[in-house]
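Asker: Need a 3D model of the sequence below.
(4 chains)
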Amino acid sequence: MRRIAVSEADFDAAAEIAALEALGGGAVASFTGIVRGDDGLETFRLDHYPAMTEMQVGRLMDDALARWPLLGVVVLHRVGVMRPGDRIVFVGTASSHRGAALESCAFLIDWLKTSAPFWKKESFADGSARWVEACAADDAALARWT
Amino acid sequence: MRRIAVSEADFDAAAEIAALEALGGGAVASFTGIVRGDDGLETFRLDHYPAMTEMQVGRLMDDALARWPLLGVVVLHRVGVMRPGDRIVFVGTASSHRGAALESCAFLIDWLKTSAPFWKKESFADGSARWVEACAADDAALARWT
Amino acid sequence: MSTLSLLYFAWVREAIGLDGETIEHPGPDASVADVVALLAARGGGYGQAFAEPERLRAALDQRFVRLSDPLGSGRELALFPPVTGG
Amino acid sequence: MSTLSLLYFAWVREAIGLDGETIEHPGPDASVADVVALLAARGGGYGQAFAEPERLRAALDQRFVRLSDPLGSGRELALFPPVTGG
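Answerer: Residues are numbered from 1 along each chain as shown, chains lettered A, B, ... in the order given. As a prediction, this is how the structure comes out:
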């Protein structure tokens, strides 16, 4: 099971986890990212490079499948306009080994959160808006995997 | 949010994840363990030391809360008789930091899978039954956290 | 006279045929291994369960201890095989 | 005559007011930075978007590249700020 979706639509994390559980591996890890409402954030827009995202996530999944004994891997990402409390990203993995499930899940989300071709624009209650700057802490998280 | 349950009853992982998502942290990690049907396993009994499990898991959650900035942590564990495909354990964590959510989830499941006072007895289709022996690989997983 | 609660798990429980029992407390300086030896001396299922102390693990008042540790003021001693986790 | 598709994202897109456009291919030996300089020279929104090349990142045929890398046989060049992830 290998599934990628990048879409403006919300997703059902519970259904994805149930599908991963049904693969018989014994270990399912997941990560869900939700839009935070820090500093009076009202809406949030994710600009992205669709063809590159799907190609790069596909290649990353191949890396994960080569590196860990996985039975299933799912990456879902929303784009477009979101609000605090909305789910934005889901990564789920299934394996016979809990370490493989947990590590591959962390690997995929670290890449998505740091290197996926996404750009965030935040709009606040006071009417201001700004493009989010890249974060050095994220590069450190990614360095773990190389 | 801090929740421990050790019970013979099944649990609803989706409801637990939804509750963790609602905490506003932005990052929710989870791990679900399912009974595998390897080698013709028919049923599986988990013997346990109830008072010790709850006390130790509680202490472990305190460790996790001291070590990572967590908004919520949930540990659910089934005991008694289970069959292949049944959920056996759930760990879920919520944080404002994805690394904290992922690492604390791995920390809790590693402890549960290696050091919780549980003993497994497997019964096979051919009528045989055996107590599972402790596994050295698990000790290596736990050594990461010390 | 103070007492010590004993709890048995997994194949230790099966060999003895009891979940647990209460015995006279052997004193704070007695070790877990001393209790194991005392139980092994009863023979039968006890002899079988406690014949090889190196196959046993213990918890005193719900914390893992070594077999060489003294009972101290402990009131609940659990004896079991190495845990296999959840 | 071969062409090069350009794609713009985030504030680069906003400054220029276009999602992308097609230009004449400047040749395989031209670097990404050469294209940036060529676009900056147009002035206006382009001048603003491309004034500080160190604030820009690029992908050639959907793979991240450095600004000093040559275009080679690349057909799609995306120019954007450092990615902020999902």
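
Asker: residues of stretch C:44-64 that come out buried?
Answerer: Residues of stretch C:44-64 classed as buried by neighbour count (16 or more other Cβ atoms under 10 Å in any protein chain shown): C:45-46, C:49-50, C:56-62. Placement of C-beta: from N, CA and C, glycine included.

Asker: cool, stretch A:35-53 as well?
Answerer: A:35-36, A:43-49, A:52-53.

Asker: So what touches that stretch?
Answerer: Here stretch A:35-53 makes contact (Cβ atoms under 8 Å, 6 or more residues apart in numbering or on different chains) with A:6, A:77-88, A:116-126, B:24-26, B:96, D:7, D:9-10, D:13, D:59, D:62, D:78, D:80, D:86.

Asker: just the buried members of those residues?
Answerer: Neighbour-count burial (16+ other Cβ under 10 Å) applied to those gives A:6, A:77-79, A:82, A:84, A:87-88, A:116-123, B:24-26, B:96, D:7, D:9-10, D:13, D:59, D:62, D:78, D:80, D:86.

Asker: Keep only those of these that are in helices.
Answerer: Judged by DSSP state H, helices contain the following of the buried ones among the contacts of stretch A:35-53: D:10, D:13.

Asker: just the helices in chain C please.
Answerer: Going by DSSP H, chain C shows helices at C:10-16, C:32-40, C:44-49.

Asker: With mean pLDDT as extra columns, can I get the ones you listed in a markdown table?
Answerer: Shown next, in a markdown table, are the helices of chain C (pLDDT from 0 to 100):
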| stretch | mean pLDDT |
| --- | --- |
| helix C:10-16 | 96 |
| helix C:32-40 | 97 |
| helix C:44-49 | 96 |
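
Asker: mind giving me TSV with those and columns for distance to chain B?
Answerer: Output for those, formatted as TSV (distance: least, Cβ to the nearest Cβ, whole Å):
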stretch	distance to chain B
helix C:10-16	4
helix C:32-40	15
helix C:44-49	12
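
Asker: Out of the ones you listed, which gets nearest to chain D?
Answerer: helix C:10-16 (46.1 Å; Cβ to the nearest Cβ).

Asker: hmm, who's touching that closest one?
Answerer: Contacts for helix C:10-16 (Cβ under 8 Å, 6+ apart): B:47, B:119, B:121, B:131, C:8, C:19, C:45-46, C:48-50, C:56, C:79-81.

Asker: can we see that at 6 Å?
Answerer: Outside helix C:10-16, the residues that touch it by Cβ atoms under 6 Å, 6 or more residues apart in numbering or on different chains are B:47, B:119, B:131, C:8, C:45-46, C:48-49, C:79-81.

Asker: pLDDT weak spots in chain C?
Answerer: Across chain C, residues meeting the criterion (pLDDT under 70) sit at C:1.

Asker: Strands of that one, start to end?
Answerer: Taking DSSP state E as the criterion, chain C carries its strands at C:3-8, C:20-24, C:57-60, C:63-65, C:76-80.

Asker: Throw those into CSV and include distance to B:A15, thanks.
Answerer: Listed next are these as CSV, based on distance: least, Cβ to Cβ, whole Å:
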stretch, distance to B:A15
strand C:3-8, 33
strand C:20-24, 36
strand C:57-60, 33
strand C:63-65, 33
strand C:76-80, 33
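
Asker: TSV for the ones you listed, including distance to chain B?
Answerer: As requested, the strands of chain C are exported to TSV (distance: least, Cβ to the nearest Cβ, whole Å):
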stretch	distance to chain B
strand C:3-8	7
strand C:20-24	10
strand C:57-60	6
strand C:63-65	8
strand C:76-80	6
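
Asker: Where does chain A get nearest to chain B, residue-wise?
Answerer: A:A14 (3.3 Å).

Asker: and that residue, how many neighbours?
Answerer: 15 (other Cβ atoms under 10 Å in any protein chain shown).

Asker: Likewise for the one 4 residues further on?
Answerer: Other residues near A:A18 number 14, with proximity taken as other Cβ under 10 Å.

Asker: same question, A:D12
Answerer: A:D12: 12 neighbours (other Cβ under 10 Å).

Asker: cool, and A:D62?
Answerer: 12.

Asker: For chain A, which segments are assigned as helices?
Answerer: A:13-21, A:50-67, A:98-114, A:136-143.

Asker: Mean neighbour count, those: which tops it?
Answerer: helix A:98-114 (a mean of 24; mean count of other Cβ atoms under 10 Å in any protein chain shown).

Asker: Quick check: the residue of chain C nearest chain A.
Answerer: C:G85 (10.3 Å).

Asker: who does C:T22 bridge with?
Answerer: C:S5 (DSSP bridges).

Asker: That one and C:S5 touch, don't they?
Answerer: Yes - contact criterion Cβ atoms under 6 Å: C:T22 and C:S5 qualify, at 5.4 Å.

Asker: the more surrounded of these two?
Answerer: Using other Cβ under 10 Å as the criterion, C:T22 and C:S5 rank with C:S5 on top: 15 against 11.

Asker: centre of the chain versus stretch A:91-111, how much separation?
Answerer: Computed by Cα atoms, centre = their mean, to the nearest Å, the chain-centroid distance of stretch A:91-111 equals 12 Å.

Asker: Please read the previous query as pertaining to stretch C:17-26.
Answerer: For stretch C:17-26, the distance to the chain centre is 8 Å (Cα atoms, centre = their mean).

Asker: In chain A, which residue is most central in space?
Answerer: A:V89 (4.0 Å; Cα atoms, centre = their mean).

Asker: how about the residue of chain A most remote from its centre, phi and psi?
Answerer: For chain A, the residue at maximal distance from the C-alpha centroid (Cα atoms, centre = their mean) is A:D126, at 29.2 Å. Phi and psi for A:D126, reported as degrees, to the nearest 10, are phi -80, psi 10.
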